[in-house]
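*Asks:* Based on what follows, work out the 3D shape:
(one chain, ligands or ions: 1)
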Amino acid sequence: MTLLQAQGLTRRYKLPRTTVFGAAPVLTAVADVSFDITAGQTLGVVGESGSGKSTLAKMAMAFEAPDAGQILFEGQDIHALGSTDLRRLRPDFQMIFQDPFSSLDPRRKVGWSIAEPLRAMGQTAPDRVAEAFEQVGLHPADGDKYPHEFSGGQRQRIAIARAIITRPKLLIADEAVSALDVSVQAQILNLLMDLQDTLGLGILFISHDLAVVASICDTLLVMQHGQALEYGAASDILNNPTHAYTRSLLTAAGDML
Ligand SMILES: Nc1ncnc2c1ncn2[C@@H]1O[C@H](COP(=O)(O)OP(=O)(O)OP(=O)(O)O)[C@@H](O)[C@H]1O
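*Replies:* Okay, the predicted model is just below:
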């Protein structure tokens, strides 16, 4: 079943004027991008810094509206929903960021922080908190500790626990392992794949690192300057890239693939 369907997504930003004459310059951060994600499938989005990956994620999370195109979640246009309907849908799609420090309140015990999405739904469910800790390979007693007591990899596990606590259907991971050492990256990627198997999650996995993306994705979207250069089965693109830019990413990834 198609979980998320992006059709012709376009996002433009007005830039500061450089002269008093004429219109303000406009940057097209995402230009006419389309993709699908089905349940249990990972779409990898790869591209250099500034290629529009995070802008795509923000639109998929309904944090930012597209200037053109649509994002359908289970057939519903999320940008056409009223705030009440969007709030009702929110638990179904959750996001993990590069830096869990920015989303974990340093003054709060992590058990409190991971329950935040439940509180936003008007729920308190201590057994869900314990379950989420166990699902990410931590101990429920870890909920009584503060973020600084954990390593970077453990903090990313906590961020994942918080993302899955609402039992979402779709997870959006934006550079979720980029700040971690290679061995820890592998552990977090394995965790995401295990969670996908058990929970049937669809995952939108964004990274500038093709080696990382290739290790986890089923389908691949290669972006450059806001454009989708290639989109399709990851194995097809990796074995037979049609674009010179993709070939340069493959060369850069080298032995890591
Ligand atoms: N709010 C904004 N206002 C103006 N320009 C923006 C805004 N957000 C993003 N941009 C520009 O849009 C382009 C795409 O940015 P985006 O963050 O989506 O790229 P990215 O591929 O995620 O790169 P990075 O990994 O460095 O964040 C960049 O040129 C960026 O400077």
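*Asks:* need the residues of the stretch 101-250 of the chain near the ligand, please.
*Replies:* Residues of the stretch 101-250 of the chain lying near the ligand by CB under 6 Å from any ligand atom: His208. C-beta here means a position set from N, CA and C on the backbone, and glycine is covered the same way.
*Asks:* what residue ranges in the stretch 101-250 of the chain score low on pLDDT?
*Replies:* 101 (pLDDT under 70).
*Asks:* just the strands in it please.
*Replies:* Secondary structure of the stretch 101-250 of the chain by DSSP state E, counting those that start in this stretch: the strands cover 170-174, 202-207, 219-224, 227-233.
*Asks:* And the residue of the stretch 101-250 of the chain that's closest to the ligand?
*Replies:* Closest residue of the stretch 101-250 of the chain to the ligand, CB to the nearest ligand atom: His208 (5.8 Å).
*Asks:* Name the residues of the longest helix seen in the chain that are buried.
*Replies:* Counting residues, the longest helix in the chain under DSSP state H turns out to be helix 182-199. For helix 182-199, the neighbour count (16 or more other CB atoms under 10 Å) marks Val184, Gln185, Gln187, Ile188, Leu189, Leu191, Leu192, Leu195, Gln196 as buried.
*Asks:* what does stretch 80-99 give?
*Replies:* Those would be Leu89, Arg90, Pro91, Phe93, Gln94, Met95, Ile96, Phe97, Gln98, for stretch 80-99 by 16+ other CB under 10 Å.
*Asks:* from those residues, which is closest to the ligand?
*Replies:* Of those, the one sitting nearest to the ligand (CB to the nearest ligand atom) turns out to be Gln98, at 8.7 Å.
*Asks:* Tell me, what's the model's pLDDT at that closest one?
*Replies:* In the predicted model, Gln98 carries a pLDDT score of 83.
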